[in-house]
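Peer 1: using only what follows, build the 3D model:
(2 chains)
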Amino acid sequence: MTTAAPELSLIVISHEMARELPRTLYSLSPRYQKGIAAAEYEVIVIDNGSRIPPRAEDFADLGLNLRIHSFANPSPSPVRAINHGLSLAKAPLVGVNIDGARLASPGLLDACRRAARVDPDPVVTTLSYQLGPGPQWISMQQGYDAAWEDRLLQGIDWQQNGYRLFDIAPFAENVVRGWFGPLNESNLLFMPRHLWQALGGFDPAFECPGGGAANADLLRRALETPGTRQVVVLGEGVFHQIHGGTHTNAGRDSLEVHKQAAKEYYRLRGRIRIVDAERSYFGPASREAAESYHRQLAAGHAAPRHNATALDRGPQASERYLDLLKSVLLNETGLETEVALDSVRGSKEIPAAFWTGTLYDVPGHLPRALAEKRRVRAVGGDTQTAQSGPPLGLTMIGRQRLDHLQGCVTTLLAEGVPGDLMECGVWRGGACLLMKAVLDLSGDQGRNVWLADSFAGLPPPARPEDEGLDLSRGNFPALAVSQDRVERAFAEFGLLDARVRFLPGFFADTLAGCPVETLALLRLDGDLYSSTIQVLEALYDRVAPGGFIVVDDYGGLGQCAKAVDAFRAARGITDPLGMIDWTGAFWRKS
Amino acid sequence: MLKSDAVRAWIADFLSSLTATDQAEIKGDTRFNTLGLDSVDAVVMAGAMEEHFSTQIDATLALRNATIDDLMADLRANGIVE
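Peer 2: Residues are numbered from 1 along each chain as shown, chains lettered A, B, ... in the order given. Below you'll find the model as predicted:
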């Protein structure tokens, strides 16, 4: 504890967060936060009625200027607890993290402090992300839970580089109106103490569980106060861990919870509007932040990876070829058509203006949808968006996993890891096309690329672990792609030769006795528990030391992750498993 | 049952206020998504409408319609609006 007054006070509200709060406090501690010294800020946890309240002594090793108070009169709404916290804050700049399950990125506190200097009456707002494959109110209905989230967090070593949190949290919850649109609320925001006093803190009239629309109301009142200015911090964020949260994790009841919150707001305020005044933006701060954030924002249109110099103006033809190939495999060049088609999906009649106007000027007519499609495609998130089907390209794995796969192949070639390359579950063949292109460019003549697939869609669920996950042809005809079609794609790209080998049939029938001898890379994309475990049992022992095992659905499908974890545990495999993005994972066999 | 004209006028007014759009631009066949409305906003509108008209409106009702005309027809079919 320091005696000098801190520059920043941050109030964190907790309620039954024994799993989440330790991570949150670590993410706020000087061991993790960059650019800010321990003495420069204090964290005040107000526990709002947990059965076993957190204790400050349990967090002593964090080196954090921390106070933990148990709120004497807890209620389902955290609003009074927050106001109590505000009364304890000592610093001139005061922040509220309304939900103690939200982790911070490593530069967040310093960025907020610096953002506050942009204006005399700043309302510093941050962006929110949800850990896991998609919006948690949807993903939890598909089995996303604490254990699943723990696996994702373990796979990115976030304690060392917290910016990798962006990689496993593709869903940005409060940027539905675009990255530069108005925010409905901010889950961690800072304001000068005098502004909090002028507003009277949060309004205790909001009694809905979780505070209802109190947080949105606070932001609106702050921005409607004359003289204030919103400063949005970019390059940093807060990341929601799944817990029994009233709003974020209400699952199927989510709609009702939001409706009740809106109802209460309308009753209290008589109108609802989004404050869309001019804003300032601040960030990003560090190179790590820029790299991670770039992947989210650049959305596949990444800046040239080649550093041009006066003498060497551009990448080699081979790099350009692979970049263009990936672009085509992802159908980045056809995104406008996909967006145009999405806009009439399900319509009873298509307006004439679609054929003459929209289709030819998608950036002009559907700019938001196009930007969102770009972002989603870059991270291979198309399958998470309910309205549209799989992409129209040759792969759905996104730019980041393609880049990683390319890196694996060049690494195993450079290191001379022996063996063939294989994918089990190929869909339209995009990942295999890329692997073959990299092999051909290297001049390699000895390795095969194996494609194992039923070429007739996924099998229906047969094991209890896969119950409810029926991705078979009847339900998802777009997932069934014939061998003929995949072969044709190889031929069209000039990549078909005798070293492209097909293993048609369900894995249970084809893999155990297949003529594959040694593998340098094994890529699993079979979605189901059964398919994943069958591949590992049949082929893992054929992977050479130093070889790569890449699992496409580890983050996105709990069934797949369970199979991988079960296999690794049964075999005592301790080679570290790393996350590539929000769903892809890999390890190298030692 | 609620009066059709009153509900229609309220929706136009609500959307105009929510999205800071000129009421003249909000017509019966204007698509909600072109106003920048998302699914959360649609649910928010259902909540506000419940409060304003002291009625019950299923949240999915607001989600499954793309224009004011569609929404009005759905409200009528569900016996909420006359």
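Peer 1: which secondary structure elements does the helix or strand harbouring A:Leu413 sit against?
Peer 2: A:Leu413 is part of helix A:398-415 when elements are defined by DSSP states H and E. Packing partners of helix A:398-415 (3 or more C-beta pairs under 8 Å, 6 or more residues apart in numbering or on different chains; DSSP states H and E): helix A:317-329, helix A:367-378, helix A:430-442, strand A:519-524, strand A:543-551. Placement of C-beta: from N, CA and C, glycine included.
Peer 1: distance between the next helix or strand along the chain from the shortest one and the chain's centre?
Peer 2: In this case it means strand A:519-524. Sequence-wise, the next helix or strand downstream of strand A:519-524 (DSSP H and E) is helix A:529-539. Computed by C-alpha atoms, centre = their mean, to the nearest Å, the chain-centroid distance of helix A:529-539 equals 26 Å.
Peer 1: residues from the stretch 351-500 of chain A in reach of chain B?
Peer 2: A:Arg368 (C-beta under 8 Å from any C-beta of the partner chain).
Peer 1: what is the neighbour count of the nearest residue to A:Ala115 once chain neighbours are set aside?
Peer 2: In space, and not counting its chain neighbours, A:Ala115 is closest to A:Phe282: 4.0 Å by C-beta to C-beta, 6 or more residues apart in numbering or on different chains. A count of nearby residues for A:Phe282, using other C-beta atoms under 10 Å in any protein chain shown, gives 20.
Peer 1: hey, least reliable of the helices and strands packed on helix A:398-415 by pLDDT?
Peer 2: Lowest mean pLDDT within those: helix A:367-378, at a mean of 83.
Peer 1: okay, the angle between it and helix A:398-415?
Peer 2: 30 degrees (axes from the mean of the first three to the mean of the last three C-alpha atoms, to 10 degrees).
Peer 1: A:Arg269 touches A:Leu218, doesn't it?
Peer 2: No: assessed by C-beta atoms under 8 Å, A:Arg269 is found out of contact with A:Leu218, at 12.0 Å.
Peer 1: those two: who's more crowded?
Peer 2: A:Leu218 (26 against 16).
Peer 1: list the contacts of residue 79.
Peer 2: Picking chain A for this. Residues near A:Val79 by C-beta atoms under 8 Å, 6 or more residues apart in numbering or on different chains: A:Phe202, A:Asp203, A:Pro204, A:Phe206, A:Glu207, A:Gly211, A:Ala214.
Peer 1: um, chain B though
Peer 2: Shown here is B:Gly79, whose contacts under the criterion C-beta under 8 Å, 6+ apart are B:Met1.
Peer 1: any idea whether it is helix, strand or coil?
Peer 2: Three-state assignment for B:Gly79 (DSSP: H, G, I helix; E, B strand; the rest coil): coil.
Peer 1: quick check: it vs chain A, distance?
Peer 2: 19 Å (C-beta to the nearest C-beta, to the nearest Å).
Peer 1: show me the contacts for the closest residue to chain A within chain B.
Peer 2: Closest residue of chain B to chain A, C-beta to the nearest C-beta: B:Gly47 (3.0 Å). Contacts for B:Gly47 (C-beta under 8 Å, 6+ apart) come out as A:His258, A:Lys259, A:Gln260, A:Ala261, A:Ala262, A:Lys263, A:Tyr265, A:Tyr266, B:Ala59.
Peer 1: go again using 10 Å as the cut-off
Peer 2: Neighbour list for B:Gly47: A:212-213, A:255-256, A:258-267, A:272, B:57, B:59, B:62 [criterion: C-beta atoms under 10 Å, 6 or more residues apart in numbering or on different chains].
Peer 1: does A:Gln130 really touch A:Glu173, like I thought?
Peer 2: Yes: if you go by C-beta atoms under 10 Å, A:Gln130 and A:Glu173 touch, sitting 5.6 Å apart.
Peer 1: more crowded one of those two?
Peer 2: Taking neighbours as other C-beta under 10 Å, A:Gln130 and A:Glu173 compare with A:Gln130 leading, 24 against 20.
Peer 1: mind checking how far that one is from chain B?
Peer 2: Going from A:Gln130 to chain B by C-beta to the nearest C-beta gives 14 Å.
Peer 1: quick one: neighbours of A:Leu103, just the number.
Peer 2: A:Leu103 has 27 nearby residues by other C-beta under 10 Å.
Peer 1: next one: the one 5 residues further on
Peer 2: As a burial measure, A:Leu108 scores 31 neighbours (other C-beta under 10 Å).
Peer 1: surely it touches A:Arg114?
Peer 2: No: using C-beta under 10 Å, A:Leu108 is not in contact with A:Arg114, being 11.0 Å away.
Peer 1: how about the residues of chain B near chain A?
Peer 2: Within chain B, the positions adjacent to chain A are B:13-14, B:16-20, B:31, B:33-34, B:36-52, B:57-60, B:62-63, B:66 by C-beta under 10 Å from any C-beta of the partner chain.
Peer 1: anything in contact with each of A:Leu108 and A:Arg114?
Peer 2: Shared contacts of A:Leu108 and A:Arg114, counting by C-beta under 10 Å, 6+ apart, come down to A:Gly35, A:Ile36, A:Val233, A:Gly283, A:Ala285.
Peer 1: who wins on neighbours among those residues?
Peer 2: Neighbour counts for the shared contacts of A:Leu108 and A:Arg114 peak at A:Val233, which has 28 neighbours (criterion: other C-beta under 10 Å).
Peer 1: before we move on, the earlier item: farthest-apart pair in the shared contacts of A:Leu108 and A:Arg114, please.
Peer 2: Spatial extent of those (C-beta to C-beta) is set by the pair A:Ile36 and A:Gly283 at 14.8 Å.
Peer 1: in chain B, which spans are helices?
Peer 2: Shown for chain B, the helices assigned by DSSP state H span residues B:4-19, B:39-53, B:59-63, B:68-77.
Peer 1: emit the ChimeraX select command for whichever of the contacts of B:Gly47 are buried.
Peer 2: Here is the ChimeraX command that selects the buried residues among the contacts of B:Gly47 (16 or more other C-beta atoms under 10 Å in any protein chain shown):
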select /A:212,213,255,258,259,260,261,262,263,264,265,266,272 /B:57,59,62
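Peer 1: okay, and which of the contacts of B:Gly47 map to helices?
Peer 2: Counting by DSSP H, those place A:255-256, A:258-267, B:59, B:62 in helices.
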